[in-house]
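Enquirer: fold the following, please.
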Amino acid sequence: MADLIVKSKVKEYVGNMNVGADFLDELNKVVEAAIDRAKVRAAENGRSTLKGRDA
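Expert: Coordinates of the predicted model:
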């Protein structure tokens, strides 16, 4: 699995809260699954370009 999130940006976004490594791993899985669903939807619609409506 590739790292699809920028960990430093996630930590910056949450502000003064701590971010556990397990949270970052799970967030990466969520993003990966969303991209996989978008790829399938685009392919089903005959496109090779992911669009916002695929998300």
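
Enquirer: helices or strands next to the biggest helix by length in the chain in the packing?
Expert: Criterion DSSP state H: the longest helix present in the chain is helix 21-44. In terms of contacts (3 or more CB pairs under 8 Å, 6 or more residues apart in numbering; DSSP states H and E), helix 21-44 is packed against helix 7-14. (Each C-beta comes from the backbone N, C-alpha and C, glycine too.)

Enquirer: what mean pLDDT does the helix it packs on have?
Expert: Taken as a whole, helix 7-14 carries a mean pLDDT of 96.

Enquirer: shaky segments in the chain?
Expert: Low-confidence segments of the chain, defined by pLDDT under 70: 1.

Enquirer: residue 28 is in contact with residue 6, isn't it?
Expert: No: assessed by CB atoms under 8 Å, residue 28 is found out of contact with residue 6, at 10.6 Å.

Enquirer: show me which of these two is the more surrounded one.
Expert: When neighbours are counted by other CB atoms under 10 Å, residue 28 and residue 6 differ, and residue 28 comes out ahead with 17 against 10.

Enquirer: so residue 50, which state does it fall into?
Expert: coil (DSSP: H, G, I helix; E, B strand; the rest coil).

Enquirer: residue contacts, it?
Expert: 35, 38, 39, 42 (CB atoms under 8 Å, 6 or more residues apart in numbering).

Enquirer: against residue 10, how distant is residue 18?
Expert: Distance of residue 18 to residue 10, given as CB to CB, to the nearest Å: 12 Å.

Enquirer: please apply the same query to residue 27.
Expert: Going from residue 27 to residue 10 by CB to CB gives 7 Å.

Enquirer: just residue 53 next, same as before
Expert: Residue 53 is 25 Å from residue 10, by CB to CB.

Enquirer: more crowded one of the two?
Expert: Counted by other CB under 10 Å, residue 53 and residue 10 do not tie: residue 10 has more neighbours, with 14 against 9.

Enquirer: surely the more buried one and residue 26 touch.
Expert: No: using CB under 8 Å, residue 10 is not in contact with residue 26, being 11.5 Å away.
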